[in-house]
Structure formats: structure tokens, C-alpha cells
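Novice: following is a predicted model, sequence given first.
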Amino acid sequence: MRPLIYSQLVGWYRLLDPARDHADETTSYRSALERAATPPAETLLELGSGAGHNAVHLKQRFHCTLTDISEEMLTLSRELNPECEHHLGDMRTLRLGRTFDTVLVHDAVMYMLTEQDLLAAAETAFVHTRPGGAALFAPDHISDTFEEQTNLLEENDGERALRCIEWSWDPDPSDTTFITEYAFVVREGTHVSAAHDRHVEGLFPKSVWLSLLTSVGFLVEMVERQISEDCCDEVFLCRRP
């Protein structure tokens, strides 16, 4: 069954993950992709583009083509990014029959639960990247640095309000997955309801990421991602020779 936030609760997604919160990290992505792609990049393919909150910022620089496995999320993206091309598809199997100057794989890559899944996503990115182009993989977590964490997410929009506890934990450190629990309380006018949403996500060491990305043909380096003013981590910047 698909997670609630990509199906029944999709109408609350903009409050859960406001597009403005993507500004810092997309600036990092744009800078890395511009530096890596030669000649200069004009087009970008995003695999797992969700509600289009990265594209809101990236379309100012690139001609964006956006893909996702959820039609509901693509509908949200089309509302924000009507000038962008949208396609329904799974990042493990998608084939558009053309290449792009750059490819972005954001946090949707966390739903790759096995090395075979991750390899398939890497192959999709590679076949859609032109020679001399660049791809960037930006997972939320790798196993080398994973720590259990809890966040409070809150947003208001007129008569609608959302409060959410996001709790990431790893019940079995010996496997390749962890769990993120979402406890939602949402209000519309005076009506309040609650829901629990469990997401099983992939967790791999840096060495596996590097091995799989290089195995499909990429040249890989680590680059800094600015998450907020006082927080950064590293993501995988890939060049296609």
C-alpha cells in the first residue's frame, strides 16, 4: 500500500513540506550540476519529483522534465509548474528515449529498499544523462551517519493547519532499511483528525552508493549540500564521461 501522504493525505502535502523549504538545498544542486556538466547545461530530468517543490526553484535555471510514480503528486506539481513536462513512471524502469544535460534524484531514492533497486535507479539516471552531462543523487540518509531522530513539523494556511511528528528509527541495523513514522494531526476549520503513516526506506553505506554509481558508468565525487543556514551534509555528484 502506498504511503498516505502520497495518496489519501496528498492534499496536505504542501503544508507538510513547503516549497520554500527547498530553496537552500536546490541552490546547492544547481551549483554542483552547473559545475559538473560540460558544455553548459540547459535541461534537467528529475526522477521522483513529487509535488514539484525542487522544480519551483530549479526551473528558473533549467528546462525541467519531472517524473514520479504517484499521479496524485504529479497533479500537485502541474499546479505549481505548468510550464514543465511531466511523466508518470518508476525511477527503476522509466525510459523516455532521450537524454538530458542533468539528472536529479532527490529523496524519493530513499524508497529503493535493496541494492538491486538502487542499481536500477542508477542505471535509469545514467541512460538519461548525455555524455558530458551530470547527475546528482541526494538521499536523506546513509548508514554510515544514520542516527535516530525526531522532528516536529508544523504549518498553517488559513483555515487549514497541520502538526506532525516525524520519527526515523532503525529496528534492524543489519538490514538495508529503516523506518520513518509520521503521526499527523490536521485541522480544517474546526474539524480535527489524526493519522499514522509508516514509511519503510532504504539505508546503504557510502561505499555501496559509490560502488553502484560507478558500476553503471558514472564518475562520482562527494559535494556539500546546504540543508539550512547552519546545517549541511554530502551528496553524490556523478559525471557521465
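Specialist: Cool, got the structure.
Novice: which secondary structure elements does the helix or strand bottoming out on mean pLDDT in the chain sit against?
Specialist: Comparing every helix and strand of the chain by mean pLDDT, DSSP states H and E singles out strand 219-228 as the least confident one, with a mean of 86. Judged by 3 or more Cβ pairs under 8 Å, 6 or more residues apart in numbering; DSSP states H and E, the packing partners of strand 219-228 are helix 23-36, helix 206-215, strand 231-239. Glycine gets a C-beta too; all of them are placed from N, C-alpha and C.
Novice: tell me where this protein has strands.
Specialist: With DSSP state E as the definition, the chain shows strands at residue ranges 43-47, 63-68, 85-88, 100-105, 129-137, 149-157, 160-169, 177-188, 191-202, 219-228, 231-239.
Novice: TSV please, covering those and showing mean neighbour count and distance to Pro18.
Specialist: Formatted as TSV, those follow (neighbours: other Cβ atoms under 10 Å; distance: least, Cβ to Cβ, whole Å):
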stretch	mean neighbour count	distance to Pro18
strand 43-47	26	18
strand 63-68	23	18
strand 85-88	14	21
strand 100-105	26	19
strand 129-137	21	22
strand 149-157	12	6
strand 160-169	17	10
strand 177-188	16	15
strand 191-202	14	18
strand 219-228	15	13
strand 231-239	18	17
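Novice: and those strands, which one averages the lowest pLDDT?
Specialist: Among the strands of the chain, strand 219-228 carries the lowest mean pLDDT, at a mean of 86.
Novice: bridged to the residue lying closest to Leu152 once chain neighbours are set aside, which residues?
Specialist: Distances taken as Cβ to Cβ, 6 or more residues apart in numbering place Ile165 nearest to Leu152, at 6.1 Å, with adjacent residues excluded. Beta-bridge partners for Ile165, by DSSP bridges, are Leu152, Ala183.
Novice: domain assignment for the protein?
Specialist: If the domains of the chain are taken from automatic domain parsing, they occupy 4-142+205-239, 149-202, with pieces of a single domain joined by a plus sign.
Novice: indicate which one of the helices and strands packed on strand 219-228 is closest to Tyr6.
Specialist: Distance to Tyr6, taken as Cβ to Cβ, is lowest for helix 23-36 among the helices and strands packed on strand 219-228, at 20.3 Å.
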